[in-house]
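Asks: curious how this folds, go ahead:
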Amino acid sequence: MAEQESLEFGKADFVLLDQVTMEHFMENLKLRFEMGRIYTYIGEVVVSMNPYKQTQLYGKDVIEQYQGRELYERPPHLYAVADAAYKAMKRRAKDTCIVISGESGAGKTEASKYIMQYIAAITNPSQREEVERVKNVLLKSNCVLEAFGNAKTNRNDNSSRFGKYMDIDFDFKGDPTGGHINNYLLEKSRILHQQPGERNFHSFYQLLLGASDALLASLHLCRDPAAYRFTSEGASNNLLTSDQSNFKAVADAMKVIGFSPEEINSVYKILATILHLGNVSFVTEGDAVAIENRELVSQLGELTSTQPESLLRTLLYRAVATGGGEVIEKGHSAKEANYARDACAKAIYERLFCWIVGRINTVIEVKNYDARLHGKNTVIAVLDIYGFEIFESNSFEQFCINYCNEKLQQLFIELILRQEQEEYQREGIEWQHIEYFNNQIIVDLVEQPHKGIISILDEACLTGGQVTDAMFLESMNTKLGKHPHYTSRKLCATDKSMEFGRDFRIKHYAGNVTYSVEGFIDKNKDTLFQDFKRLMYNSTDPVLRDMWPEGEVSITEVTKRPLTAATLFKNSMVALVENLASKEPYYVRCIKPNDQKSPLLFDAERCRHQVEYLGLLENVRVRRAGFAYRQPYDRFLLRYKMTCEYTWPNHLMPTDQEATRALIDQHGFQDDVAYGHTKIFIRRPQTLFCLEQERAQLIPIIVLLLQKAWRGALARRRCRYLRAIYTIMGHYKRHKVKTYLLELVRRFQGVRSMADYGKSVEWPDPPAVLAQFQENSKLLFRRWRARQIVKNIPPSDMAQIQAKVAAMEVLQGLRKDWGCQRNWGRDYLSSVAENPVMAAQFARRVQALKDKVHFGSVLFSCHVRKINRFNKSRDRAILVTDQHLYKLEPRKQYRVMRTLPLSTVTGMSVTSCQDQLVVFHTQNHDDLVICFHKMQPEEDNRVGELVGVLVDHFKTKSKKTQARRNRMENRSVCGTLTGRDFQRPMLSALENATSKGPVPTADVHGFALHCTRAAKLG
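Replies: Residues are numbered from 1 along each chain as shown. Predicted coordinates:
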């Protein structure tokens, strides 16, 4: 039972149907198909519906869900059956087999592929090279066998036209070590004729459409399938788009398997031989027969590596040995020549297919295996064989196929019953006799010695003289007329669905099938003249030669009559059934939902017919005859223990059996169960459904309880983790802080004795928590260091230092070079070095002003060039005292030309470049524009000195400092000058020296400094 699927998808196991009737079976099958559930169980049998579309039911993720699980733990799937067979093989060292059956188009080939892929995926976890090679060959063999054994039919684009039985050998570790493939009843008649809408085997079309032009030319072929008689019937509107790509895929697969390039080339030659052989036509010339298209003979001779003369003689004549050992040649009639040609074509293709299977077996067979050294060798067998066939016209092939299905159905029922009986005995449950239809009577009708249909057919073939199919039918009517499962038109004259002298009917387990005896004799004889065998054996192509070992026998040598096709098939079926009976079987029953290959259509009548001939309802009845459900006690408790107070969450009883009994008794189901040694057996599905419903009601409550407990556990664990994390973080932070402080002390403990007072000491990287602490420490350190440096400065230099500091505060970042590196002289006009000629005159002028005004000190003096409002410049000098700003005339003994009280000076403007331009702003807007010159040296920069002296003076005077920097975008230097009347006449004088840009300013207690962006004045 697929316990993970809810009832909305129907019953996942047909055994659990409320009533075992065809109506209920079909209703459940249709519901599951429409809900996308293409797999359903019947106990351990999987019923598979062909979905006719790609599904997400396969792949690595799905394989992992089924690997190692019990059959009923997951929803029904092919992987579950494959895993069950693999576990039985590995755990119990028991050979197992998976029997896949169903009619053409039901998905048997795809099912076998998925089973092989699953086994390949779960084996060889250690990636041993030899095991990987075997797995690869086993998988690639499917591609090759499909090309040569499959064909497009009206029911299926990739229909297997042969039965395949594959043994996969495993070592004691469960890894594949080799394998063996048996093929059954290749439909070689398809070589000659196909039904309307069908075509020949894939290999012909893949060669014609996928081979290179050079290869086709070497084979004397053209790319048109309609040009050849054997492929012309399937050439119109019947080509598959994958033929070209499949040709390359098959060639690559053959290389991987181990086919040599010469062998692959021989295979292509043989296919071309068959195509050319079909185009050979015969004409009657008098009493003799000749070949109409003689050029084909030479081409056939080249392709078969035989002499054209020998080939021609084989096609037209037959060698016959007389009683005295003499050999004579008998010419064919046109009819005999055509029959011989067709028989040769069929035989060549059949031998080619068998040779390919044998070549694959040579590669994958287990080599150098010694059970004493390597342990017991076990086998998983996969049987992909044709299902029951009922066509409008049924011939010898359908007779053999349906006989095969009768044998397998007989085995199926016997093994199911045997499994049931063995399990009952193993568990100590009383066995009850189960009524079922035993189809042994039908099997005997076909294969019974001397009385069965095959024996009658062989007798007709061995009878001398001209024996016809009608005579064979008459013989069956005579010997089988009283058999309850045989009838014909002669025996039932009122049944007009059969024709006199042609049809007979067998009542198979799956339904009545009417067969036409036409062709039974010829197909059973499967006559091929010995001349063709000797011709092929004498070929120089080793591949072709290996296919015909009986050609070595001399024509005069007396040989045993070969077995007929029906007898060979019967013997192979007997051997197959014996082989399967020795293994533990698992079954996959494939059903096609419709004939239109539609993923949506469910044809009820079509499906009912398949359910009947597959015996699925019979299987359900056998399974349900005793107990519908059984499960080990531990797993039963694991699923249903929450429904009983004595078993939830865990029971305290001595054994699981007693706990299971207590659970059943509490629900009142004790009359509907039986207790085995290790399993509980439940008779009615309703009992199980009651348990399932009660479990479904309790599951949400249990889930909430588990979620609550689990979430609480997660929260508590997270809390513990967080506490531990915070504790560790606290210790770590303290460790980092301590380490940082110790390192800080170590680095700075000797800075007092350093020449630079620790300026060169590198600060350690602080922890994040001490980032601000380090910034504050750096500020304190810089203040301490500044104090240490200032203490060592002579008092005479303090005024200059204060002026430089003041200049730095307002000019740093605004003007690149403002003369901080040199010594500031301030009163340059009094310096003999600066003003050697007129220093004395200037001194007298200063003294005169001091006597008159009584100023305290000279702040600054220098030669300048003054620019007036009319754009004219003159040499002048300026004198800045602590009270006034004087403009002097140097040429007239420094006569005072203009006096500005410092209290009226509201600000000054300088540029951000190297020029020496300065503008003094006054309250009445009568600004003074000057440019320093006649400096020693000439490149001296005195703008910063003037700014520093004035700023320091105003700081000292006001005892209040306020600095402000304000960048004003897109403003020219003229905008910084105060005094609107002065701005306009000065604009033309300064516009060539300035550039537009933001104007930073600094304000010191009413005295504003403006720094503009300008080029150096020339």
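Asks: return the residues in contact with Thr21.
Replies: Taking CB atoms under 8 Å, 6 or more residues apart in numbering, we find Thr21 in contact with no residue. Heads up, the C-betas are built off the backbone N, CA and C, glycines and all.
Asks: please repeat the previous calculation with a cut-off of 10 Å.
Replies: By CB atoms under 10 Å, 6 or more residues apart in numbering, the contact set of Thr21 is 27, 617, 620.
Asks: ok, it to Ile401 distance?
Replies: As judged by CB to CB, to the nearest Å, Thr21 and Ile401 stand 29 Å apart.
Asks: next: Ala227.
Replies: In terms of CB to CB, Ala227 sits 32 Å off from Ile401.
Asks: please apply the same query to Arg815.
Replies: 107 Å.
Asks: going by contacts, tell me the helices and strands next to the longest helix along the chain.
Replies: Ordering each helix of the chain by length in residues (DSSP state H) puts helix 685-748 first. Applying 3 or more CB pairs under 10 Å, 6 or more residues apart in numbering; DSSP states H and E, we find helix 685-748 packed against strand 629-632, helix 633-640, helix 656-667, helix 771-791.
Asks: please enumerate the strands of the stretch 501-650 of the chain.
Replies: Taking DSSP state E, counting those that start in this stretch to define them, one finds strands in the stretch 501-650 of the chain at 503-508, 511-516, 584-591, 629-632.
Asks: and the angle for the first one with strand 511-516?
Replies: Here strand 503-508 runs at 160 degrees with respect to strand 511-516, directions being taken by axes from the mean of the first three to the mean of the last three CA atoms, to 10 degrees.
Asks: the third one now?
Replies: With the same axes, to 10 degrees applied, the angle from strand 584-591 to strand 511-516 works out at 80 degrees.
Asks: identify the neighbouring strands of strand 584-591 in the sheet and state each direction.
Replies: Its sheet considered, strand 584-591 pairs with strand 45-49 (parallel), strand 96-101 (parallel) by DSSP bridges.
Asks: poorly predicted segments of the protein, please.
Replies: 1-7, 237-240, 321-325, 369-376, 431-437, 464, 554-559, 625-626, 628, 959-1018 (pLDDT under 70).
Asks: the more surrounded of Ala227 and Ile401?
Replies: Between Ala227 and Ile401, Ile401 has the larger neighbour count (other CB atoms under 10 Å), namely 22 against 14.
Asks: quick one: contacts for the more buried one?
Replies: Applying CB under 10 Å, 6+ apart to Ile401 gives the contacts 103, 163, 184-185, 187, 385-389, 394, 569.
Asks: which helix or strand contains Leu879?
Replies: Per DSSP states H and E: Leu879 is located in strand 873-881.
Asks: what is the burial count for the spatially closest residue to Tyr79 that is not a sequence neighbour?
Replies: Nearest residue to Tyr79, sequence neighbours excluded (CB to CB, 6 or more residues apart in numbering): Tyr66, at 4.0 Å. The number of residues packed near Tyr66 is 22, by other CB under 10 Å.
Asks: repeat that for the one 10 residues further on.
Replies: Per other CB under 10 Å, the neighbour tally for Pro76 reads 25.
Asks: so it touches Gly43, yeah?
Replies: No. With contact defined as CB atoms under 10 Å, Pro76 does not count as touching Gly43 (11.1 Å).
Asks: ok, now which ones touch the spatially closest residue to Lys87 that is not a sequence neighbour?
Replies: Distance criterion CB to CB, 6+ apart; nearest residue to Lys87, sequence neighbours excluded, is Gly68 at 7.7 Å. Contacts for Gly68 (CB under 10 Å, 6+ apart) come out as 83, 86-87, 122.
Asks: re earlier: ok, the residue nearest to Tyr79 to Phe860 distance?
Replies: Separation of Tyr66 from Phe860 (CB to CB) stands at 99 Å.
Asks: got it, and Trp648?
Replies: Trp648 sits 102 Å away from Phe860, going by CB to CB.
Asks: also Phe500?
Replies: Separation of Phe500 from Phe860 (CB to CB) stands at 145 Å.
Asks: picking up where we left off before, closest one to Val951 among the helices and strands packed on helix 685-748?
Replies: Proximity to Val951, assessed across those by CB to CB, is greatest for helix 771-791 (18.8 Å).
Asks: run through who's touching the closest one.
Replies: 737, 740-741, 744, 748, 751-752, 754, 756-759, 761, 763-767, 770, 798, 801, 805.
Asks: among those, name the buried ones.
Replies: The neighbour-count criterion (16 or more other CB atoms under 10 Å) marks 740, 744, 748, 751, 757-758, 764, 766-767, 770, 801 among the contacts of helix 771-791 as buried.
Asks: what about the residue nearest to Lys87, helix or strand, and which?
Replies: If you go by DSSP H and E, Gly68 is not part of any helix or strand.
Asks: about what we covered before: what about the contacts of helix 771-791, which are in strands?
Replies: With DSSP state E as the criterion, strands contain none of the contacts of helix 771-791.
Asks: show me the residues you listed that map onto helices.
Replies: Using DSSP H, these in helices are 737, 740-741, 744, 748, 798, 801, 805.
Asks: would you mind giving those residues as TSV with distance to Val790 added?
Replies: TSV is the format used below for those (distance: CB to CB, whole Å):
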residue	distance to Val790
Val737	33
Tyr740	30
Leu741	28
Leu744	24
Phe748	20
Met798	8
Ile801	8
Val805	10
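Asks: state the pair within those that is farthest apart.
Replies: Of all pairs in the ones in helices among the contacts of helix 771-791, the most separated under CB to CB is Val737 and Met798 at 40.9 Å.
Asks: give me the subset of the contacts of Gly68 that lies in helices.
Replies: Per DSSP H, the contacts of Gly68 map to helices at 83, 86-87, 122.
Asks: and these as TSV, adding neighbour count?
Replies: Output for the ones in helices among the contacts of Gly68, formatted as TSV (neighbours: other CB atoms under 10 Å):
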residue	neighbour count
Asp83	23
Tyr86	24
Lys87	17
Ile122	18
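Asks: before we move on, back to that, want to throw the strands paired with strand 584-591 into CSV with mean neighbour count?
Replies: Shown next, in CSV, are those (neighbours: other CB under 10 Å):
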stretch, mean neighbour count
strand 45-49, 25
strand 96-101, 24
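Asks: can I get the ones you listed in JSON lines including distance to Ala575?
Replies: Compiled in JSON lines, the strands paired with strand 584-591 are given as follows (distance: least, CB to CB, whole Å):
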{"stretch": "strand 45-49", "distance to Ala575": "24"}
{"stretch": "strand 96-101", "distance to Ala575": "14"}
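Asks: those strands: which one's closest to Gln631?
Replies: Across those, Gln631 has its closest neighbour in strand 45-49 (17.3 Å, CB to CB).
Asks: output the contacting helices and strands for the very next helix or strand once past the closest one.
Replies: Per DSSP H and E, the first helix or strand lying C-terminal to strand 45-49 is helix 60-66. Under the contact definition 3+ CB pairs under 10 Å, 6+ apart, helix 60-66 sits against helix 78-92, helix 108-122.
Asks: what's helix 60-66 in contact with?
Replies: For helix 60-66, contacts defined as CB under 10 Å, 6+ apart pick out 4, 56, 73-75, 77-84, 114, 117-118, 120-122.
Asks: buried ones in stretch 148-155, by neighbour count?
Replies: 148-153.
Asks: so which two of the residues you listed are the farthest from each other?
Replies: Between all members of those, the farthest pair (by CB to CB) comes out as Phe148 and Thr153, at 15.8 Å.
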